[in-house]
Every structure is written in structure tokens, then in C-alpha cells.
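K.L.:
give me a model of this one.
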Amino acid sequence: MNMSKVTKGFETNFTGWAFILAAILLWGGLVLSSHHIGEYIVADDFKEIGKGVWYWIWMYRIHIFGWVAMGISMFSLVTLMTGRPYRVVTLPGIGMVVVGTFAIAIANAFYYNFGAWGVGKTIGMNPIELEIFMKDILATNQYATCFLRFGRIFSGVGFVLLGYGFIKWNLVAKWLGWFTAILGFVAMGIILSIPDNFEIYKPIFHVKVVWLLAMGISLLRFGMNSPGAAE
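P.N.:
A predicted model of the protein is given here:
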């Protein structure tokens, strides 16, 4: 027989607020930024960033800490989902989301560091010197795009597993379970089928922010179902 109870209290409240904080930092840092760098850094990026470099730096810091807060929220979720039998699915799912989240954070740290550093380095350069400089950072930029691509795929795999666990064991509302699983499938599908056009992926970021808010609000209001071990 399966026994089930609702977990609601300090743990679910802390986890819920961690999800909401992650959503606010991620979305706010991106939307309020004075300039958005594309998949590859170009010379014009340094000119735009230089118009308000310190503001741009702080918005990027807020955005990166959003990824960190998302990692914290996922680790907190682990503490709510260690029961049997669902942990065999949900814990690997959370682990993949965490790995993907920090891979994306590392990639964003590259854009943050090189964007701010490049402003000072490129001042006074003539076109030839600037072209050489841009070629020199291209290889590192390739590593950053690789981290972004695989971070998104890893996260997608994690969302699929987590969504499956949500649905199968009724850990949260059914619609939130399906939202989680579908988000994972779509994220993986876009990266695997259209790997060289990150513009198409951008809406998924905003959907992920909505998911973070939905998770946070759900945990704060309803807590989490905790099925017992199968007997």
C-alpha cells in the first residue's frame, strides 16, 4: 500500500522562495541590461558596453547569480525528494538540471568577463589590431558556446526526468509536471535540431523563468506530496 502526505513548512517555503529569487535575478539581470551579447562577441559589443560599463557589469552579475540561485533551489528540492520510490527518477533529474545550470553559468561568466575586459583592451585599437584581437578570443568563445549548448541539453534531460517523476507520483500538480517534462523535450529538441542558431532558443529562457516562478509559487501555496515506500 502507498501512503502519501503533504510536506509543507520551512523546507518547502525556503525552496519556493529560492525558485522565485532565481527567476527574479535571471530575468531582471537580462532584461535590465544595457546591452545583450550574441552567441559570439563582436567588436561592436565593446563599444556598446563601454557606454555604461559598470551598469552593464552589475546587471550581468545579477543575471549570473540568478543561475547560482537556481542551483540552490534545485539542491533544496533534493531535500524534499529523497523518499522512495520516486527518488530513483527525480534525483538524477535534479542532478542533470544542476549540471546544466552551472555549465550555463560558466558560459555566462565568459561573456561577462570578456565583455568588461575587452572594453579597456580595445580602446585606441586601429581596425587591423581590433581584427587580430577578435580572432584571438574566438577559440575561447567557442568553448563558451559549447558550455551553453551542452548546459541546455543537460538541463533538458533533467527536466524530462523530473517532469516524469512529478507526473507518475503526483508530487506536484499534474499541469506543472507536464510543463516540466515538455520544457525539457523542447529545450533538447531545439539545441539538437538547430544547434547553430541560438536566437531560436531565446524564448525558452523566458519559459524557464516562468517555470521557476510556477515551482516557487506551487511550493509556497501547496507544498509537495510525499508518497511513502511501496509495500
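K.L.:
before we move on, what SS does the nearest residue to Leu138 once chain neighbours are set aside have?
P.N.:
For Leu138, ignoring the flanking residues on the chain, the nearest one in space by CB to CB, 6 or more residues apart in numbering is Tyr40 at 7.4 Å. Using the backbone N, CA and C atoms, a C-beta is placed for each residue, glycine as well. With DSSP: H, G, I helix; E, B strand; the rest coil as the basis, Tyr40 sits in coil.
K.L.:
distance of His35 from Phe46?
P.N.:
10 Å (CB to CB, to the nearest Å).
K.L.:
strands of the protein, start to end?
P.N.:
4-7, 224-227 (DSSP state E).
K.L.:
so which of those is the most packed in?
P.N.:
strand 224-227 (a mean of 18; mean count of other CB atoms under 10 Å).
K.L.:
where in this protein is pLDDT low?
P.N.:
1-4, 195-197, 228-231 (pLDDT under 70).
K.L.:
the longest helix in it is where?
P.N.:
Longest helix in the chain by number of residues (criterion: DSSP state H): helix 127-168.
K.L.:
quick one: the residue nearest to Leu138 from Arg87, how far?
P.N.:
With CB to CB as the criterion, Tyr40 and Arg87 are 41 Å apart.
K.L.:
separation between Gly50 and Leu171?
P.N.:
Taking CB to CB, one finds Gly50 at 48 Å from Leu171.
K.L.:
between the two, who's got more neighbours?
P.N.:
The neighbour comparison of Gly50 against Leu171 (other CB atoms under 10 Å) goes to Leu171, with 22 against 17.
K.L.:
now the more buried one, nearest residue through space, not along the chain?
P.N.:
Using CB to CB, 6+ apart, the closest residue to Leu171 is Asn225 (5.2 Å).
K.L.:
ranges for the helices of this structure?
P.N.:
Counting by DSSP H, the helices of the chain are 10-31, 43-50, 53-80, 87-121, 127-168, 174-193, 202-222.
K.L.:
which other helices and strands does the last one contact?
P.N.:
Using 3 or more CB pairs under 8 Å, 6 or more residues apart in numbering; DSSP states H and E as the contact criterion, the secondary-structure elements in contact with helix 202-222 are helix 10-31, helix 53-80, helix 174-193.
K.L.:
next, the angle helix 10-31 makes with the longest one.
P.N.:
An angle of 150 degrees separates the directions of helix 53-80 and helix 10-31 when computed by axes from the mean of the first three to the mean of the last three CA atoms, to 10 degrees.
K.L.:
how much does helix 53-80 deviate in direction from helix 127-168?
P.N.:
Using the same axes, to 10 degrees: helix 53-80 against helix 127-168 is 20 degrees.
K.L.:
so what secondary structure elements neighbour helix 53-80?
P.N.:
So helix 53-80, by 3+ CB pairs under 8 Å, 6+ apart, packs with helix 10-31, helix 87-121, helix 202-222.
K.L.:
so what secondary structure elements neighbour the longest one?
P.N.:
Taking 3+ CB pairs under 8 Å, 6+ apart as contact, the helices and strands that helix 87-121 lies on are helix 43-50, helix 53-80, helix 127-168.
K.L.:
turn those into CSV, columns for distance to Gly115.
P.N.:
What follows is those, written out as CSV (distance: least, CB to CB, whole Å):
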stretch, distance to Gly115
helix 43-50, 5
helix 53-80, 7
helix 127-168, 11
